[in-house]
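Asker: Sequence and predicted structure, then a few things I'm wondering about:
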Amino acid sequence: RSFGPMFAERPFTTGKGKLNVGAAFQHTTFSSVGGRPFTDLETSASYATGEVYRSTSSLDLQLDRTIVSATYGLHNKIDIAAIVPFGSARVSGFAEWYQRENGVEDTGRNDSDGSSFGLGDILVRTKVALTASDSFDAAAALDIRLPTGDPEKLLGTGFTQARLMFIGGTTIGSVNPHVNVGYTFGGDGMKFGADNHWEGESGDPELIDRVSSDEFNYTAGVDVAVTPRLTIAGDIIGRVVKNSAGMAFTDSGSGEGAQYIGFEISPGTVHKLLGAVGVKFSVGGEWLLTGSVLFPLNDGGGIKPAVTPVIGFERAF
């Protein structure tokens, strides 16, 4: 009865010879980094001898994605799918600095902006139905993410990734709980060297190499057929990223003759958690309109997105 979840895979396949197509538009802005608002970023060092070195900045980062997808049933139990994103990125901001050294003050400001547009990372998926019963349905999927997007333009990762995923679900009247659990084989992640701490108080470890990371992925939620034409759905979406790094805003305080304010990087595992709610509405025939919002449930160890709207449509043939 349900039209399915918003951001999870359902265990059902399309059916031999059947085609589903869809498109969605997503607008994402970012609100903070390391717990500090993007509009109020600061790094500074102040000393009892009177020297002050301070930089303050404001950043606006926006990402738009148009995602086109198609799923075809090779067999009653086997689907193949392609997901093709097109995106744009816009970055603007300014940095102001103040310096007082040997009694001499200096100030300045730099403004900058840029934008890009192009193809993102294409994903190819194969899904196989495993079991089907009145009490539980299960499937398995293999995703291959291709490095077709330019990472320097914030359009892709620059690395090939593979994900194995288990998909499960059941039906209790009009309520359909579902779960996805997967593992992404991405790479060795970030490699860090020795800490470059200033006088042992603060600073960042040296970044030696950066590639994509292995991840544990999960999505759990429920979709409910409210009426024959309306489904509502909610999900919790998690990514546990290995060999990554978190970022936190710190203030050392004014003890021992110096004060350091800024960001510190902590290598390790990062857990990113999102919530999602949405609706699917039948507008006649095989057409579905979809609308949802994504919202952060934690800081994710670094850059935090604001509430993200997603709208789209689906069509079955």
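Answerer: Okay, I see it. Numbers count the residues shown, from 1 in each chain.

Asker: from here on, contacts and neighbour counts on C-alpha atoms
Answerer: OK.

Asker: which parts of stretch 91-109 are buried?
Answerer: 93, 95, 97, 99 (16 or more other C-alpha atoms under 10 Å).

Asker: Now name the helix or strand holding the residue nearest to the third one when sequence neighbours are not counted.
Answerer: What it means is residue 97. Leaving aside its sequence neighbours, residue 97 sits nearest to residue 55 (C-alpha to C-alpha, 6 or more residues apart in numbering; 4.3 Å). Assigned by DSSP states H and E, residue 55 belongs to strand 52-75.

Asker: What strands line up against that strand, and which way round?
Answerer: strand 19-33 (antiparallel), strand 41-47 (antiparallel), strand 78-101 (antiparallel) (DSSP bridges).

Asker: Can you give me the buried ones in it?
Answerer: Across strand 52-75, burial judged by 16+ other C-alpha under 10 Å covers 52-59, 61, 63-75.

Asker: Identify whichever of the strands paired with strand 52-75 lies nearest to residue 266.
Answerer: strand 19-33 (13.5 Å; C-alpha to C-alpha).

Asker: which other residues reach the closest one?
Answerer: Strand 19-33 is contacted from outside by 14, 37-38, 60-73, 247-248, 302-317, using C-alpha atoms under 8 Å, 6 or more residues apart in numbering.

Asker: From the chain's centroid, how far away is that strand?
Answerer: Taking the mean of its C-alpha atoms, strand 19-33 sits 10 Å from the chain's own mean (C-alpha atoms, centre = their mean, to the nearest Å).

Asker: Contact partners for residue 176?
Answerer: 2, 169, 170, 222, 223, 224.

Asker: quick one on the thing from earlier: pLDDT at the residue nearest to residue 97, what is it?
Answerer: Reported pLDDT at residue 55 in the predicted model: 95.

Asker: So which of the contacts of residue 176 belong to strands?
Answerer: 169, 222, 223, 224 (DSSP state E).

Asker: By neighbour count, which of the residues you listed wins?
Answerer: residue 223 (25 neighbours; other C-alpha atoms under 10 Å).

Asker: Apart from its chain neighbours, what residue comes closest to residue 127?
Answerer: Going by C-alpha to C-alpha, 6+ apart, residue 127 has residue 141 as its nearest residue, at 4.2 Å.

Asker: Hmm, residue 166 and that neighbour touching each other?
Answerer: Yes - contact criterion C-alpha atoms under 8 Å: residue 141 and residue 166 qualify, at 6.6 Å.

Asker: what's around residue 9, how many residues?
Answerer: 21.

Asker: what does the one 3 residues further on give?
Answerer: By other C-alpha under 10 Å, 23 other residues sit near residue 12.

Asker: For it, which residues are in contact?
Answerer: Neighbours of residue 12 in contact, by C-alpha under 8 Å, 6+ apart: 129, 137, 138, 139.

Asker: and the second one, how many residues sit next to it?
Answerer: Spelled out, it's residue 137. Neighbour tally, residue 137, other C-alpha under 10 Å: 19.

Asker: Could you list the buried residues of the helix or strand of the chain with the lowest mean pLDDT?
Answerer: In the chain, no helix or strand scores lower on mean pLDDT, DSSP states H and E than strand 175-198, which sits at a mean of 87. Within strand 175-198, the residues scored as buried using 16+ other C-alpha under 10 Å are 175-187, 189-192.

Asker: what's the closest non-adjacent residue to residue 114?
Answerer: residue 91 (5.4 Å).
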